[in-house]
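Participant: fold the following, please.
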Amino acid sequence: MPSRTTIRKELLFSLAILFVGAVLFAMVGLLAVLPVLESPGEAMEYILVLLVGDLVVLFFFGRSLLDRAVLRPIEVMVRDTERIAQGEYTHRVGAMESEEFGRLAAAVNAMAEGLIANQELLAENIRSLNETNRELTEARDQIVRAEKLASVGRLAAGIAHEIGNPLGAVMGHVDVAKARALRAGGDPELLDAIAHEARRIDRIVRGLLDFARPREANPQLIEVRQVIRRTRELLEHQGRLDAIEVQEDFAEDIPPVRADPYQLEQVLVNLLLNAVDVLGGVASPRIVLHASVTEHRRTVLPFRRKGDPPGVDYSHRRRFHYRAEFPREDPFREGERVVRIVVADNGPGIPPELIDRVFEPFVTTKELGKGTGLGLAVCARLVDGMGGTIRARSPGMDGASFTILLPSAEEAEAGGPEASAHTAPATLAGGDLA
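Facilitator: Sure, this is the predicted structure:
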């Protein structure tokens with residue numbers, strides 16, 4: 001690479017040539033004109049004209065020299081630097097002819113690259129800190145939730161112990177009293193009502209225990225379509241779906257999921273029985289069972305604010321509070337394949353004031369005495385244990401739909417146990433919410 005000329009050398013050389021040229025021009029002019037001049041006044045006037053001419057030539061030549069050697073390179077550098085400052089981080093100051101401006105341009109480019117690298121490193125550190133903060137917040141929420149569930153479990157165990165034995169004695173006495181009434185020709189209607197309410201108390205206690213201490217999971221590779229069809233057949237054999245049109249909408253090539261098939265059946269049974277309960281007064285009752293696979297996409301809030309440099313994530317300027325959610329809103333990774341199971345009905349739907357609370361314990365839309373409000377809470381707990389989430393939706397009065405999202409199993413596990421392995425039938429506890 002040829003060495004560049006310095007501004008100092010260029011200016012000194014050009015000014016020297018200009019000075020020498022001006023002197024020579026003046027001397028030649030004087031030598032040529034002085035012999036013909038008639039008076040000293042004319043000579044003085046001629047010298048002034050030569051001097052003014054030299055100054056004019058010096059002015060325009062010097063201006064052109066400064067513009068070419070100094071001013072235009074400075075303007076180019078200012079424009080390039082302003083573009084970098086305005087966010088065009090890939091732009092760089094162009095090459096300069098002079099050595100001084102070339103070194104200055106290289107220094108500006110190096111400084112810009114260093115600043116941009118530091119900004120990207122800072123943004124990456126902030127992203128890492130935000131992710132760590134999110135994980136710590138989720139861990140804290142899980143600990144709080146686990147402690148709450150442990151408290152509920154201890155309370156439920158105490159209730160089961162304190163109520164279970166007396167309740168069993170009451171139910172036994174009711175049976176004995178009923179038998180005696182029948183032998184005496186009496187009416188056992190009140191005794192039947194007492195037995196019914198006692199069994200309801202027993203179901204509430206057992207449901208609370210199931211919520212606090214669900215059975216130990218036995219995860220395996222399962223095919224969700226087979227589990228859905230097996231659950232449907234289970235209810236059809238009992239006549240629970242006789243008056244209802246059941247539609248299946250299953251996509252092809254749905255990957256297996258790793259979960260406990262018994263628990264997934266239990267979740268589906270609760271959702272289907274909820275739908276059956278609310279469709280009793282509907283003219284054309286219908287349930288739709290849908291299964292598909294999708295690629296998860298996170299919903300990300302815009303981190304940039306007015307004044308943030310473009311291209312750099314300054315999310316540290318905002319602080320987010322990660323609210324404890326159960327079921328979790330978004331437990332999946334970006335781009336992860338997720339299996340989607342939907343149970344939808346055309347019933348009356350879920351009241352808007354309950355749509356965000358349907359998975360909380362003891363929340364129900366059923367009449368008093370017809371539901372415990374624990375069915376969906378148990379469903380949410382089971383789905384969360386499978387690494388997924390469950391969501392409720394009720395668009396106006398067009399029924400309700402419950403969506404189960406489960407992470408698909410790794411492709412390396414596709415040769416695992418058969419998904420069609422027999423599983424124990426799910427407990428047909430009545431659902432608690434439409």
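
Participant: where does the stretch 201-350 of the chain have low pLDDT?
Facilitator: 206-217, 298-327, 329 (pLDDT under 70).

Participant: repeat the analysis, applying 80 as the threshold.
Facilitator: Scanning the stretch 201-350 of the chain for pLDDT under 80 picks out 201-218, 238, 281, 297-335.

Participant: using PDB, list the CA coordinates for stretch 246-256.
Facilitator: Extracted as PDB, the C-alpha positions of stretch 246-256 are listed here (Å, rounded to 0.1, in the frame of the first residue of the first chain):
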ATOM      1  CA  VAL A 246     -68.900 -35.700  19.300                       C
ATOM      2  CA  GLN A 247     -66.700 -34.500  16.400                       C
ATOM      3  CA  GLU A 248     -63.000 -35.400  16.100                       C
ATOM      4  CA  ASP A 249     -60.500 -33.100  14.300                       C
ATOM      5  CA  PHE A 250     -57.100 -34.700  14.500                       C
ATOM      6  CA  ALA A 251     -54.100 -33.500  12.500                       C
ATOM      7  CA  GLU A 252     -51.700 -36.000  10.900                       C
ATOM      8  CA  ASP A 253     -48.200 -36.700  12.100                       C
ATOM      9  CA  ILE A 254     -48.800 -35.500  15.700                       C
ATOM     10  CA  PRO A 255     -45.600 -36.400  17.600                       C
ATOM     11  CA  PRO A 256     -45.800 -38.300  20.900                       C
END
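
Participant: run the chain-centre distance for that stretch.
Facilitator: 26 Å (C-alpha atoms, centre = their mean, to the nearest Å).

Participant: now do stretch 39-58
Facilitator: 82 Å.

Participant: again, but for stretch 278-294
Facilitator: With C-alpha atoms, centre = their mean, you get 29 Å for stretch 278-294.

Participant: now swap in stretch 84-102 and tell me
Facilitator: For stretch 84-102, the distance to the chain centre is 39 Å (C-alpha atoms, centre = their mean).

Participant: in it, what counts as buried?
Facilitator: Residues of stretch 84-102 classed as buried: 84, 89, 91-93, 96, 98-102 (neighbour count, 16 or more other C-beta atoms under 10 Å). Bear in mind the C-beta positions are built from the backbone N, C-alpha and C, glycine included.

Participant: what are the ranges of the helices in the protein?
Facilitator: 7-33, 40-66, 72-85, 99-183, 189-212, 224-237, 261-278, 375-385 (DSSP state H).

Participant: put together CSV for these, with distance to Glu295 on each row.
Facilitator: Output for the helices of the chain, formatted as CSV (distance: least, C-beta to C-beta, whole Å):
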stretch, distance to Glu295
helix 7-33, 59
helix 40-66, 62
helix 72-85, 37
helix 99-183, 21
helix 189-212, 33
helix 224-237, 17
helix 261-278, 22
helix 375-385, 20
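
Participant: ok, Phe25 - contacts?
Facilitator: By C-beta atoms under 8 Å, 6 or more residues apart in numbering, Phe25 lies in contact with 50, 53-54.

Participant: return the distance of it relative to Val52.
Facilitator: Plainly put, Phe25 is 13 Å away from Val52 if you go by C-beta to C-beta, to the nearest Å.

Participant: residues contacting the residue lying closest to Arg83 once chain neighbours are set aside?
Facilitator: What sits nearest to Arg83 in space, not counting adjacent residues and going by C-beta to C-beta, 6 or more residues apart in numbering, is His91, at 4.8 Å. For His91, the contacting residues are 80, 83-84, by C-beta under 8 Å, 6+ apart.

Participant: of all those, the one with the weakest confidence?
Facilitator: Least confident of those in the model: Ile84, at 77.

Participant: would you confirm that Val246 contacts Pro285?
Facilitator: No: Val246 lies out of contact with Pro285 (C-beta atoms under 8 Å); the separation is 9.5 Å.

Participant: of the two, which one has the most company?
Facilitator: Pro285 (20 against 15; other C-beta atoms under 10 Å).

Participant: just give the number of residues close to the closest residue to that one other than its chain neighbours.
Facilitator: Closest residue in space to Pro285, ignoring its immediate chain neighbours: Leu279 at 3.7 Å, by C-beta to C-beta, 6+ apart. When neighbours are counted by other C-beta under 10 Å, Leu279 registers 23.

Participant: pretty sure Leu279 contacts Gly347?
Facilitator: Yes: with contact defined as C-beta under 8 Å, Leu279 reaches Gly347; the gap is 5.1 Å.

Participant: now do the shared contacts for the two.
Facilitator: With C-beta under 8 Å, 6+ apart, Leu279 and Gly347 have common neighbours Pro285.

Participant: break this structure down into its structural domains.
Facilitator: 7-97, 220-300+312-434 (automatic domain parsing).

Participant: as CSV, these with distance to Glu197 would be great.
Facilitator: Converted to CSV, the domains of the chain look like this (distance: least, C-beta to C-beta, whole Å):
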stretch, distance to Glu197
domain 7-97, 71
domain 220-300+312-434, 8
